[in-house]
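[1] Starting from these lines, generate the structure:
(2 chains)
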Number of protein chains: 2
Amino acid sequence: MTGWVAVAGLGPGAEALVTPEVTATLAEATDVVGYIPYVARVTPRPGLTLLPSDNRVEVDRATHALTMAAEGKRVVVVSSGDPGVFAMASALFEALEAGPRDWRSIDIRVLPGITAMLAASARAGAPLGHDFCAINLSDNLKPWDVIEKRLRLAAEADFAMAFYNPRSASRPMGFERTLEVLREACGDARPVIFARNVSLPDETIRVVPLTETTPEMADMRTLVIVGSSRTRIIERPDLAPIVYTPRFAE
Amino acid sequence: MTGWVAVAGLGPGAEALVTPEVTATLAEATDVVGYIPYVARVTPRPGLTLLPSDNRVEVDRATHALTMAAEGKRVVVVSSGDPGVFAMASALFEALEAGPRDWRSIDIRVLPGITAMLAASARAGAPLGHDFCAINLSDNLKPWDVIEKRLRLAAEADFAMAFYNPRSASRPMGFERTLEVLREACGDARPVIFARNVSLPDETIRVVPLTETTPEMADMRTLVIVGSSRTRIIERPDLAPIVYTPRFAE
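    Okay, the predicted model is just below:
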């Protein structure tokens, strides 16, 4: 039996957003590893071992997956969203590069998924319909001055911006400073979208002018999208407004 | 009967990357509109009218879809990839905003899909595993100086970059100038990924150092990803190299 590792994106939460490729790959697996709430989304069956682990042990989990695959197991590493966007794929390759040379013969596949910003954008309209950037606001992974520099340059480039991991209890100040920097750098009341638990039954989508945003509008289950200078709102009677960025730039 | 419009992303090409949400919505539709090759991906059935149209008539197509929905039809506008990323969703909202007020009561949904950069990233490894931007290089939609400014700012921000619509026969110079600007702004041999026809049987993935890139490596069926300064290559015996960007920044 030849082992393999597939790093699979489960999408933002709804089963209807899981690709058939991911479903078919899970059906062939012997082992599933991942953060507890993502492994909980996999249907148990005989012959499939579920190995949930805690957050912030991404490289340990990746090392475990590669070790099992080298032993002949068929391992799926589950991620939410897309595994290549601020998720498990980079952690797996960090572990691969640091591990024994013979791991480099392991069959490794990355299976794309619907990342949170695409699901959030779809619910709000099309705020990412023109050039945009995606920034992980977790300063566990990089110093604040790198984040602030990127925010200022992204505003100058007039990108729409999608923010992952905007705010946690352990570092509440980062998002407050993000909003301060953006208000100064953008200088307008462009729409900001706070999309929480997108695609799940308790989904909320809130659209707030940048000038009226406050840090507590986001938590770690929120994806934040800040429009560009050209992002527009279409108001609708008895329906949520649509936020979109036109395809054209002047 | 109440009409609606769903703008649906068919993903990059493989059927295994079409979400169940999109498949279920197509099963309820009366009419499908879209660019000829995307409508060709929809399985015909009795009761479903397929209305393919040519490229560059996005707003006409969107107006047609909204007109039919206002008449009670259930219309799916098909896009490749994700409809919110350089695709039909913004065109639909442009038509909605320009159209009659009563269109604003129409039930409109955007159904996300696997956009080309996620599929290309997955095939190459995880080049978008840290902060990144997405830029449409088509200068049908914006002046070249806007594109060049964004390229320089994105390089200064040290974003990985995904380029859509890099090159067409009608404007071959734009991508050549893009590569010149990037070589100057980045000043290194970071990996560039040319991903053509991703997820299709004739897919090709080519990894080239920025210093050795040439314009003809891309066409309109190519998604180009340029790494950040920290993007790495893992060489493997008898297997394609893996290109990934670590999660951490200094």
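[2] all helices for chain A, in order.
    A:20-28, A:36-39, A:58-70, A:88-98, A:116-124, A:144-156, A:173-186 (DSSP state H).
[3] show me where pLDDT drops low in chain A?
    A:1, A:250 (pLDDT under 70).
[4] domain parsing for it?
    A:4-114, A:117-244 (automatic domain parsing).
[5] Contact partners for residue A:63?
    A:95, A:99 (CB atoms under 8 Å, 6 or more residues apart in numbering or on different chains). C-beta coordinates here come from the backbone N, C-alpha and C atoms, glycine included.
[6] again, 10 Å this time
    A:57, A:91, A:92, A:94, A:95, A:96, A:98, A:99, A:103 (CB atoms under 10 Å, 6 or more residues apart in numbering or on different chains).
[7] and chain B, which of the residues you listed contact it?
    Among the contacts of residue A:63, the ones lying near chain B by CB under 10 Å from any CB of the partner chain are A:91, A:92, A:94, A:96, A:103.
[8] quick one: the third one from residue A:60, how far?
    Right, the one you point to is residue A:94. 11 Å (CB to CB, to the nearest Å).
[9] Show me which of those two is the more surrounded one.
    Neighbours were counted for residue A:94 and for residue A:60 using other CB atoms under 10 Å in any protein chain shown; residue A:94 has more, 22 against 14.
[10] Am I right that that one is in contact with residue A:59?
    Yes. At 5.8 Å, residue A:94 and residue A:59 qualify as touching, with contact defined as CB atoms under 10 Å.
[11] ok, which stretches of chain A are strands?
    Using DSSP state E, the strands found in chain A span residues A:4-9, A:31-35, A:49-53, A:74-79, A:107-111, A:125-126, A:132-136, A:160-164, A:191-196, A:204-209, A:222-226, A:232-236, A:239-244.
[12] Tell me the spacing between residue A:233 and residue A:196.
    19 Å.
[13] Narrow the contacts of residue A:63 to just the buried residues.
    A:91, A:92, A:94, A:95, A:96, A:99, A:103 (16 or more other CB atoms under 10 Å in any protein chain shown).
[14] possible to save those residues as JSON lines with distance to residue A:129?
    Output for these, formatted as JSON lines (distance: CB to CB, whole Å):
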{"residue": "A:91", "distance to residue A:129": "31"}
{"residue": "A:92", "distance to residue A:129": "32"}
{"residue": "A:94", "distance to residue A:129": "33"}
{"residue": "A:95", "distance to residue A:129": "36"}
{"residue": "A:96", "distance to residue A:129": "36"}
{"residue": "A:99", "distance to residue A:129": "41"}
{"residue": "A:103", "distance to residue A:129": "41"}
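[15] Let me know the closest of the residues you listed to residue A:69.
    residue A:103 (8.2 Å; CB to CB).
[16] which non-adjacent residue is nearest residue A:126?
    Closest residue to residue A:126 apart from its sequence neighbours, by CB to CB, 6 or more residues apart in numbering or on different chains: residue B:89 at 3.7 Å.
[17] OK, contacts around that neighbour?
    Counting by CB under 10 Å, 6+ apart, residue B:89 has contacts A:121-122, A:125-129, A:242, A:244-245, A:247, B:7-9, B:62, B:77, B:79, B:82-83, B:108, B:110-112.
[18] List only those of those flagged as buried.
    A:121-122, A:125-129, A:242, A:244-245, A:247, B:7-9, B:62, B:77, B:79, B:82-83, B:108, B:110-112.
[19] From what I see, residue A:104 and residue A:96 are in contact.
    Yes. In this structure, residue A:104 is within contact of residue A:96 by CB under 10 Å, at 7.0 Å.
[20] Can you pull the residues that touch both of these two?
    In contact with both residue A:104 and residue A:96: B:234, B:236, B:242, using CB under 10 Å, 6+ apart.
[21] Let me know the closest of those residues to chain A.
    Nearest to chain A among those is residue B:236, at 4.4 Å by CB to the nearest CB.
[22] My guess is the closest one contacts residue B:242. True?
    Yes. Between residue B:236 and residue B:242 a contact is recorded at 6.8 Å, counting by CB under 10 Å.
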